[in-house]
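Chemist: Have a look at this prediction, sequence included:
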Amino acid sequence: MKRTFYIFTFLLLSHGVFAQLQLYKRGLASFDKGQYDLAIKDLAKVTNIAESEKANLYYKIAESFRLSNRWVEAVPYYEKAFEAKLAIPEAHFHYAFALKAAEKYDLALKELQQFIDSKSTIKAYNEKAYREVNTLKLIDDLKKKQTDIAFKNFSQLNTAGAEFSPVVHGDELVFTASRKSKMYANGLPFVGIYKVKFARSMAEIGKAEKFSEAIFDEERNEGTPTFSPDGKTMIYARGNTGKRKDLSPDMDLYISRYVDGTGWTEPRYVSASDSASWDGCPAFSRDGKTIYFASNRPGGLGGIDLYRVNMDASGRFGNPVNLGKEINTAGDEMFPYVSEDGKLYFASDGHPGLGKLDLFVAIRSGGKITVENMGAPYNSNMDDFGLVMSKKGDIFFSSNRAGGSGDDDIYYYEAPQKTELAENDPSKTPLIPINTPETSNKPLDIKTVRYFLAGTIYTKNANNENIPLDSVSVKIISTGQDTPVAEITTRKDGKFGPIAVQEDGDYVIVGSKKDYLAKREDFSMFGRAIPQALLNKPVTDTTFYTSLTLDQIMIDKTFRVENIYYDLDKWDIRPDAAIELDKLVQLLNDNPTIKIELGSHTDSRSSEIYNLRLSQKRAESAVNYIVSKGIDRERITAKGYGESELLIKNAKTEEEHQTNRRTEFKIVGIEGAE
């Protein structure tokens, strides 16, 4: 009986472990498909899993919340992932913004600094991190910026789903909502364009209905419409259906015209769209001749940028133009709107703000464009976007702030009726949208900053300690240029600079000295510009500091090549491995006298002979790639070590196995050396 009990218990436990593993795998599969609600549902049930997988479990739950725009809910799972020794630098970046959404600003600043210190190679993240560090220093000032307008939730229109991007069209409010019967694979409905008719006040609106049967497809996302000044031309964003006949795999702009007696015409693809990119959030200028829109097309400043394009009377479009660094950042700029007085309003998570997307207004004065955060109650710690105004002064925008009906909601301010205003009573004038300087020829009080770069060159002593290195030749090269901005030599303390650099400039720092490996490192000024609000002098000098460590050239000295990964049982060079091998190509070009051996190492989870053969093929594949980039084959040899030189002899966790799977290079000769 006792033996039967033990067998029964063992089977129960085995079944439980198997069920947990199946939940984990199913959750990961849902995550990879972008089905984040399903991923959370399964992964949150996993309570019994190997220690080596806990960090990934919690990280995937956190990412599922983040990628479905539930940043605050992601916070505790990021925390658990880090407690489980998660080693992904980008996680600190996303965690910082989740902390900001939760209004934990001091912790967010700490996480951003940790991300910056990791020296990530993701340029857009780096720029945004530097910007956000400055933003977090301004939070107290941003919180103080408030207007007296009281916004109301449009509760008679909003549902538990999403309602956003309102726009006034005659006596109707046209908006985007997730009300279609067609669902994504993750259970969320497609969005479409709807309308309600205004009555005497916001409290009295008609029943919401489809905007037009001609512009309604159950199998597409459709939304964010804009109308020409005469109301007879509409441009909006429309997604693909997943069918082969679609012109684009992503979101594009479409145009439709209103014909009296017929209605809205069949939508036509806007030629200014980039079929390979995401284009959305269009807005007409007040004269109807320019379209502003958001796009992540190549050539932008990072993330989603704002563009403008001219349209002639026949509906032909010119070439889109990026609005430039005064408006766009490494983050996302979206939902543009041009008011009756010509001001450009938009949403951004790259300019200094209180939460995720904040509302901003761009003001041109004295030939200079400045961007102003609209403050509270327009902005909150969550997403605030899609602001528009009616001719009589009503204001509408979208937000997923706390206290709403569910997902994104529409909020409004209803301007007082004209009959309610006394002609000469200042206390009864309409509330203005934002307390900002009026556009005029009078120059704004613009303060300037002069930026400089300085640094220190080190080498390592026998105890692996940093020792300042003098007489190092340092070149500062602007990216894309051949002639250095500056050429200097380090002083006795290893220091160089300061050297003047340009705001938003990209540079490469190259350090070289006889008997040392020349080394280069990128330095970007993108995102480091100090906001006007932090300046208190007409001219401010600020210096940024960097450092390089040069290694002494020694025969048989081994160097680790980071992040060279291969697919299981393969030796093809993946795109991510090519990036790292390109760095080795650059090192060989910068050090033309050295000869190296490139060694590939495996873990110990296959047979010894198999690992030896696999590592040799991988080493040869890497060498062939390097030679294809112009390096003389006589300067580099391939050597597969298999599992013969394990760094961790009894590796158990995936992290330990990854440490053993590595690529290294060894200096085996120096041309001209005796």
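Modeler: That came through fine.
Chemist: all helices for the chain, in order.
Modeler: All helices of the chain, identified by DSSP state H, fall at 2-32, 36-43, 51-67, 71-83, 89-101, 105-117, 123-137, 139-144, 575-590, 608-628, 654-660.
Chemist: mind listing what's buried in the second one?
Modeler: In this case it means helix 36-43. Under the neighbour-count criterion of 16 or more other CB atoms under 10 Å, helix 36-43 has 36, 38-40, 42-43 buried. Where C-beta positions appear, they are placed from N, C-alpha and C, glycine not excepted.
Chemist: Distance to residue 488 for the residues you listed - can I get that in JSON lines?
Modeler: Converted to JSON lines, these look like this (distance: CB to CB, whole Å):
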{"residue": "36", "distance to residue 488": "51"}
{"residue": "38", "distance to residue 488": "57"}
{"residue": "39", "distance to residue 488": "53"}
{"residue": "40", "distance to residue 488": "54"}
{"residue": "42", "distance to residue 488": "58"}
{"residue": "43", "distance to residue 488": "53"}
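Chemist: quick one: which of those residues is nearest residue 204?
Modeler: residue 36 (38.5 Å; CB to CB).
Chemist: How about the contacts made by the closest one?
Modeler: Neighbour list for residue 36: 30, 64-65, 67-68, 186 [criterion: CB atoms under 8 Å, 6 or more residues apart in numbering].
Chemist: go again using 10 Å as the cut-off
Modeler: Contacts for residue 36 (CB atoms under 10 Å, 6 or more residues apart in numbering) come out as 30, 60-61, 63-70, 186, 188.
Chemist: and what of residue 583?
Modeler: Residue 583 neighbours (CB under 10 Å, 6+ apart): 121, 520, 561-563.
Chemist: Throw together a ChimeraX command that grabs the buried residues out of those residues.
Modeler: For the buried members of these, the matching ChimeraX selection, counting by 16+ other CB under 10 Å, is:
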select :520,561
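Chemist: need the helices of the chain in JSON lines with distance to residue 471 and mean pLDDT, can you?
Modeler: Output for these, formatted as JSON lines (distance: least, CB to CB, whole Å; pLDDT from 0 to 100):
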{"stretch": "helix 2-32", "distance to residue 471": "53", "mean pLDDT": "67"}
{"stretch": "helix 36-43", "distance to residue 471": "55", "mean pLDDT": "91"}
{"stretch": "helix 51-67", "distance to residue 471": "45", "mean pLDDT": "91"}
{"stretch": "helix 71-83", "distance to residue 471": "43", "mean pLDDT": "94"}
{"stretch": "helix 89-101", "distance to residue 471": "34", "mean pLDDT": "92"}
{"stretch": "helix 105-117", "distance to residue 471": "29", "mean pLDDT": "91"}
{"stretch": "helix 123-137", "distance to residue 471": "31", "mean pLDDT": "85"}
{"stretch": "helix 139-144", "distance to residue 471": "45", "mean pLDDT": "83"}
{"stretch": "helix 575-590", "distance to residue 471": "18", "mean pLDDT": "84"}
{"stretch": "helix 608-628", "distance to residue 471": "31", "mean pLDDT": "89"}
{"stretch": "helix 654-660", "distance to residue 471": "37", "mean pLDDT": "75"}
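Chemist: Adding distance to residue 481, write those out as JSON lines.
Modeler: Formatted as JSON lines, those follow (distance: least, CB to CB, whole Å):
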{"stretch": "helix 2-32", "distance to residue 481": "41"}
{"stretch": "helix 36-43", "distance to residue 481": "44"}
{"stretch": "helix 51-67", "distance to residue 481": "38"}
{"stretch": "helix 71-83", "distance to residue 481": "40"}
{"stretch": "helix 89-101", "distance to residue 481": "29"}
{"stretch": "helix 105-117", "distance to residue 481": "26"}
{"stretch": "helix 123-137", "distance to residue 481": "18"}
{"stretch": "helix 139-144", "distance to residue 481": "38"}
{"stretch": "helix 575-590", "distance to residue 481": "16"}
{"stretch": "helix 608-628", "distance to residue 481": "26"}
{"stretch": "helix 654-660", "distance to residue 481": "38"}
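Chemist: Now list the buried members of the contacts of residue 36.
Modeler: Among the contacts of residue 36, those classed as buried by 16+ other CB under 10 Å are 30, 60-61, 63-66, 68-70, 188.
Chemist: Sort out for me which of the contacts of residue 583 are in strands.
Modeler: Among these, DSSP state E puts 520, 561 in strands.
Chemist: Tell me which of the contacts of residue 583 has the lowest pLDDT.
Modeler: Across these, the bottom pLDDT score, 68, is held by residue 563.
Chemist: And residue 302, how close does it get to residue 350?
Modeler: As defined by CB to CB, to the nearest Å, residue 302 lies at a distance of 8 Å from residue 350.
Chemist: any common contacting residues for the two?
Modeler: Each of 124, 127-128, 328-333, 527 lies in contact with both residue 302 and residue 350 under the rule CB under 10 Å, 6+ apart.
Chemist: picking up where we left off before, could you point out which of the helices of the chain sits nearest residue 296?
Modeler: Residue 296 sits nearest to helix 123-137 of all the helices of the chain, at 10.8 Å, using CB to CB.
Chemist: chain center to the closest one, what's the gap?
Modeler: 11 Å (CA atoms, centre = their mean, to the nearest Å).
Chemist: Stretch 100-116 too?
Modeler: On the basis of CA atoms, centre = their mean, stretch 100-116 sits 16 Å off its chain's mean C-alpha point.
Chemist: same thing with stretch 605-624?
Modeler: Distance of stretch 605-624 from the chain centroid (CA atoms, centre = their mean) equals 37 Å.
Chemist: Name the residues of that stretch that are buried.
Modeler: Going by neighbour count (16+ other CB under 10 Å), the buried part of stretch 605-624 is 611-623.
Chemist: Name the surrounding residues that touch it.
Modeler: When contacts are defined by CB under 10 Å, 6+ apart, stretch 605-624 is touched by residues 561, 564, 566, 569-573, 577-578, 580-581, 584, 596-604, 631, 633, 636-644, 651, 657, 660-661, 663-665.
Chemist: Does residue 124 touch residue 305 like I think?
Modeler: No: contact between residue 124 and residue 305 fails when scored by CB atoms under 10 Å: they sit 11.3 Å apart.
Chemist: higher neighbour count, those two?
Modeler: Taking neighbours as other CB atoms under 10 Å, residue 124 and residue 305 compare with residue 305 leading, 26 against 18.
Chemist: Not counting sequence-adjacent ones, nearest residue to the more buried one?
Modeler: Leaving aside its sequence neighbours, residue 305 sits nearest to residue 328 (CB to CB, 6 or more residues apart in numbering; 4.2 Å).
Chemist: For the one you found, which residues are in contact?
Modeler: 294, 300-307, 322, 346, 348, 350-351.
Chemist: cool, residue 519 as well?
Modeler: Neighbour list for residue 519: 457, 472, 509-513, 548-551, 586-587, 590-591 [criterion: CB under 10 Å, 6+ apart].
Chemist: Among those residues, name the buried ones.
Modeler: 457, 472, 509-513, 548-550, 586-587, 591.
Chemist: For these, could you give me JSON lines that also reports distance to residue 137?
Modeler: JSON lines is the format used below for those (distance: CB to CB, whole Å):
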{"residue": "457", "distance to residue 137": "30"}
{"residue": "472", "distance to residue 137": "34"}
{"residue": "509", "distance to residue 137": "27"}
{"residue": "510", "distance to residue 137": "33"}
{"residue": "511", "distance to residue 137": "32"}
{"residue": "512", "distance to residue 137": "37"}
{"residue": "513", "distance to residue 137": "38"}
{"residue": "548", "distance to residue 137": "28"}
{"residue": "549", "distance to residue 137": "30"}
{"residue": "550", "distance to residue 137": "34"}
{"residue": "586", "distance to residue 137": "36"}
{"residue": "587", "distance to residue 137": "38"}
{"residue": "591", "distance to residue 137": "41"}
